[in-house]
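# Need the 3D shape of this:
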Amino acid sequence: MILPAQDTDTSQLEAAPADIAEPEQPSSARKPPRSRAPAEQPSAEDASAATQRQRRGTRRQAGGGTTSAAADDNLQPPGHVVPVQPVAFRPKGSKFTADSDTLMEAVVKVFCVHTEPNFSLPWQRKRQYSSNSSGFIISGRRILTNAHCVDHHTQVKVKRRGSDKKYVASVLAVGTECDIAMLTVEDDSFWSGVEPVVFGSLPQLQDAVTVVGYPIGGDTMSVTSGVVSRIEVTSYVHGAAELLAVQIDAAINSGNSGGPAFNSSGQCIGIAFQSLKHEDAENIGYIIPEPVIAHFINDYERNGAYTGFPCLGVEWQKLENPDMRKALKMQAQHKGVLIRRVEPTAPLHTVTQQYNILMSFDGVDIANDGTVPFRSGERISFSYLVSQKYTNEQAVLRLLKDGQEVTETVTLRAPNKLIPFHIKGKPPSYFIVAGLVFTPATVPYLRSEYGKEYDFDAPVKLLDKMMHAMADAEGQQVVLLSQVLASEVNIGYEEMLNTQVLTLNGVKVNNMNDLVRLVDECEDEYLHFDLDYNQKVVLATKHAKTSTKEILDTHCIASDRSPDLLAAGAAAAAANGTSGAAGDSDSGVKAAAAAGEKPGSSRAAGTSSRRR
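Numbers count the residues shown, from 1 in each chain. Okay, here's the model as predicted:
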């Protein structure tokens, strides 16, 4: 989330910025538990909902976990050699000093104008709003800040300390999972006389830390000090990921997000990004540590773009019970975790199966509780070893299959979620036929429809798919009948909403492209949509297609489909040697004209609520 300049309600758990103001909940509502949130304040549109209750954003079964790249991206086991960072990360020959003026000059104020998608009305966008945050200059003429500071940006500007000029910045990369964004400025004068920060290593407990930024309460730079209180794997609110984070007792307020945290030697040891606000807690802030920052920068250096954190794609269970270990044919010297499920799209799917035992990752033995050694006298979840890797890198696994040890090599890839936590800044997909609005299920969509407590208020079947279902193939989506725009052609279906589409005329619908293709190519007399809960929608094919244009005009909708679906249809038509899809010709022409535009050029009335 991002930050206007009022009181901060950092008890919010919004990760993706699709929040729309919703009616305030009754005062008798349940008491909020502890929760973490971006240090930024919500947008002006979100201000009316800032006092809402907050619930935990994820559910986990006891004694188990996942190897989501989200988890623990940053710790090193004993003997682990940290790769030498490229020049862009650790400048050669830097004459860096810990002089305070040098540090202050590298910290900038970030001004951003955001225009978020309206996930409930995906053909339009919300009213734009502005936010202020912090950032700092690194080598290579680049600036680091938080991803939620520039999420759904339409304009980004930066200003140096003591300057009265704002410079237009461009966004080079956005790491949603790790909540880091990289900017640059084309104007040479912006970089004149400034020295980039130098990064330090992961701090120790009780090390002094100083947070610098532009929080609320004034326009000039603010400096707060504290010590390192804790280092552990923590939920990153913005990306719904779990990575290494450093807890500090220095104040982190709205506007601090994206600002650097320095150690006593003047080295940057992290980026301020979220804080904990709760009646039972005080002065709890979190910074993104150097290992996560290094992974983000190195990823960009290697690939020219951010590719994310890889994962194994398995769910696992602890093996602390001796009877279970014996039943699984484990010897006294064997340790590891039980693989409960393997995602069909995961790299491990071809080399292991359910109820095999994962004993080591890249030569590091995994204990029965799922931990591995970390620093002196500490242990951490083995999943951090996975997040240390980069996408498309190989890893060596030692497995126990039916009592026999085997070694397998796998290529790691980014997670493939059936219901994704975010859509990486892209506009949402949609398709309309006969007033039936279809869209893929995503966490931002559920939050838009059911509010911040979507994980309690959304339909149970959707929540089950979000928490436990796995994609059977790349590109698979949960396609929803989002709503019905009332018209004569769809009489009787007006109250249907947020129900999964299973088949169309007996053919399984795997994703939005499947649905669009099946409708466009349908020559049957009727369109038979089979929905979840054994519901059915039947429309006369010809009448459904011809009525679509009138419904679009009534609701001021420019196109019957989003630009991504139009591009996919055009590519398929070109591959087949045809002139185009067989759907509504008028809306197709309009869509073609708008192919290069973002949805939302028209403004229509509508309301929706927010995510967790």
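# who touches the spatially most central residue of the chain in this structure?
Geometric centre of the chain, nearest residue: Gly239, 3.2 Å, by C-alpha atoms, centre = their mean. Contacts for Gly239 (C-beta atoms under 8 Å, 6 or more residues apart in numbering) come out as Ala15, Ala70, Ala147, Gly175, Thr176, Glu177, Cys178, Asp179, Phe421, His422. For the C-beta atoms, the positions are set from N, CA and C on the backbone; glycine is no exception.
# For Leu338, state which of those residues is nearest.
Leu338 lies nearest to Ala70 out of the contacts of Gly239, by C-beta to C-beta, at 20.6 Å.
# ranges for the helices of the stretch 351-500 of the chain?
383-387, 443-450, 454-457, 460-467 (DSSP state H, counting those that start in this stretch).
# Just say which of the ones you listed is most tucked in.
Mean neighbour count (mean count of other C-beta atoms under 10 Å) peaks for helix 383-387 among the helices of the stretch 351-500 of the chain, with a mean of 28.
# Output the contacting helices and strands for that one.
Applying 3 or more C-beta pairs under 8 Å, 6 or more residues apart in numbering; DSSP states H and E, we find helix 383-387 packed against strand 241-248, strand 371-374.
# Please save the CA atoms from the first one in CSV.
In CSV, the C-alpha atoms belonging to strand 241-248 read as follows (Å, rounded to 0.1, in the frame of the first residue of the first chain):
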residue,chain,number,x,y,z
ALA,A,241,5.5,-13.8,0.4
GLU,A,242,7.7,-15.0,3.2
LEU,A,243,11.3,-13.9,3.2
LEU,A,244,14.0,-12.9,5.6
ALA,A,245,13.3,-9.6,7.4
VAL,A,246,15.0,-7.7,10.2
GLN,A,247,12.9,-6.4,13.0
ILE,A,248,14.0,-3.1,14.6
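# Skip the chain neighbours and tell me the closest residue to the residue nearest to the centre of the chain.
Using C-beta to C-beta, 6 or more residues apart in numbering and skipping the chain neighbours, the partner closest in space to Gly239 is Glu177 (3.8 Å).
# from what I can see, the one you found looks like it's in a helix, true?
No: judged by DSSP: H, G, I helix; E, B strand; the rest coil, Glu177 forms no part of a helix; its state is coil.
# Distance from the chain centre to stretch 553-565, please.
26 Å (C-alpha atoms, centre = their mean, to the nearest Å).
# got it, and stretch 260-275?
That offset, for stretch 260-275, works out to 23 Å (C-alpha atoms, centre = their mean).
# So which bits of it are buried?
Residues of stretch 260-275 classed as buried: 260-263, 266-275 (neighbour count, 16 or more other C-beta atoms under 10 Å).
# pLDDT (mean, whole number) over that stretch?
Averaged across stretch 260-275, the pLDDT comes to 91.
# One more: stretch 329-337?
94.
# Start and end of that stretch, how far apart?
13 Å (C-alpha to C-alpha, to the nearest Å).
# now swap in stretch 488-506 and tell me
25 Å.
# how about Leu172, what does it touch?
Arg142, Met182, Leu183, Thr184, Tyr300 are the contacts of Leu172 under C-beta under 8 Å, 6+ apart.
# For the fourth one, name its beta-bridge partners.
Legend: beta-bridge partners of Thr184 under DSSP bridges are Ser170.
# Ok, the first one next?
Applying DSSP bridges to Arg142 yields these beta-bridge partners: Ile138.
# Neighbours of the closest residue to Gly213 other than its chain neighbours, how many?
The shortest distance from Gly213 to any non-neighbouring residue, by C-beta to C-beta, 6+ apart, is to Gly259 (2.8 Å). Gly259 has 33 neighbours, counted by other C-beta atoms under 10 Å.
# measure Gly259 to Phe273 for me?
9 Å (C-beta to C-beta, to the nearest Å).
# So what sits opposite Ile380 in the bridge?
What pairs with Ile380, by the bridge criterion (DSSP bridges), is Val372.
# ditto for Leu397
Phe361, Glu408.
# now the closest residue to Leu497 other than its chain neighbours: how far from Val437?
Distances taken as C-beta to C-beta, 6+ apart put Gln483 closest to Leu497, at 4.9 Å, once the chain neighbours are dropped. In this view, Gln483 and Val437 are 5 Å apart by C-beta to C-beta.
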